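Engineer: Would you be able to build a 3D model of this:
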Amino acid sequence: MPNATALLNDPILVEDELPRLGQTLPFFQLVNHALEDVSLETFSGQRKVLHFFPGIDTATSANSVRILDRLGANLENTVIVHISPDLPFTMTRFLDAENLSASIHLSTMRGRDMLKNYGVLMMTSKLAGLPARVLIVADENDQVLHVELVKELTSEPDYDAALAVL
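Structural biologist: Residues are numbered from 1 along each chain as shown. Prediction:
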């Protein structure tokens, strides 16, 4: 049965297989700010907070990136990875304008299969094809510790619950 989120209470079906607690994160390969391919292995040995969102040009997404960047600056051996369909140039401009440097953005311009493999792909609504707002936390061995699919896209995730597992 598919998961669901909503946009202003209008239901959106989301790919049906979010990672489960204790599961190993699936492989991914996405694109960084320099248009280089980056895979899950790049972050080997580090704890990971994977932040999926539909795009930086919404107030909720922008605020989530700001908050996670600020929180990530105080976490040891932890990488905050923002994942969206935004072009690397767009996210670089945003991060520079906001003076954010404690997190990494990866674009799904290549590697869009990750959205389906991670169960975050919105399948219905005008936003079909974009990632839902999801936080996944994994340990240094890529074991999933926390998963949250935000039930309303205009809401932010529960940062405290996500970071408490670290």
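Engineer: mind listing the helices for the chain?
Structural biologist: Using DSSP state H, the helices found in the chain span residues 59-72, 88-97, 113-117, 159-164.
Engineer: List the contacts of the third one.
Structural biologist: Contacts to helix 113-117, defined as Cβ atoms under 8 Å, 6 or more residues apart in numbering, come from residues 15, 26-30, 52, 83, 108, 121, 131. C-beta coordinates here come from the backbone N, C-alpha and C atoms, glycine included.
Engineer: again with the second one
Structural biologist: Helix 88-97 is touched from outside by 31-35, 56, 62, 65, 69, 82, 84, 100-101, 103, 105, 107, 109, with contacts defined as Cβ under 8 Å, 6+ apart.
Engineer: mind redoing it with 6 Å?
Structural biologist: By Cβ atoms under 6 Å, 6 or more residues apart in numbering, the list of residues contacting helix 88-97 from outside reads 31, 33, 56, 105, 107.
Engineer: which regions of this protein sit below the pLDDT cut-off?
Structural biologist: Low-confidence segments of the chain, defined by pLDDT under 70: 1-2.
Engineer: could you pull out the strands for it?
Structural biologist: Counting by DSSP state E, the chain has strands at residues 3-7, 10-14, 29-31, 37-39, 47-52, 78-84, 104-107, 134-138, 144-149.
Engineer: mind listing what the first one pairs with, with the direction of each?
Structural biologist: Same thing as strand 3-7. In the sheet containing strand 3-7, its partner strands are strand 10-14 (antiparallel), by DSSP bridges.
Engineer: quick one: the strand it pairs with to strand 134-138, angle?
Structural biologist: 40 degrees (axes from the mean of the first three to the mean of the last three Cα atoms, to 10 degrees).
Engineer: list the buried ones in strand 10-14?
Structural biologist: 12-14 (16 or more other Cβ atoms under 10 Å).
Engineer: do stretch 119-135 as well
Structural biologist: By 16+ other Cβ under 10 Å, the buried positions in stretch 119-135 come out as 119-123, 125, 127, 130-135.
Engineer: I'd say E140 and K48 touch.
Structural biologist: No. Between E140 and K48 there is no contact under Cβ atoms under 6 Å: 8.3 Å.
Engineer: Of the two, which one has the most company?
Structural biologist: Between E140 and K48, counted using other Cβ atoms under 10 Å, the more crowded position is K48 (21 against 13).
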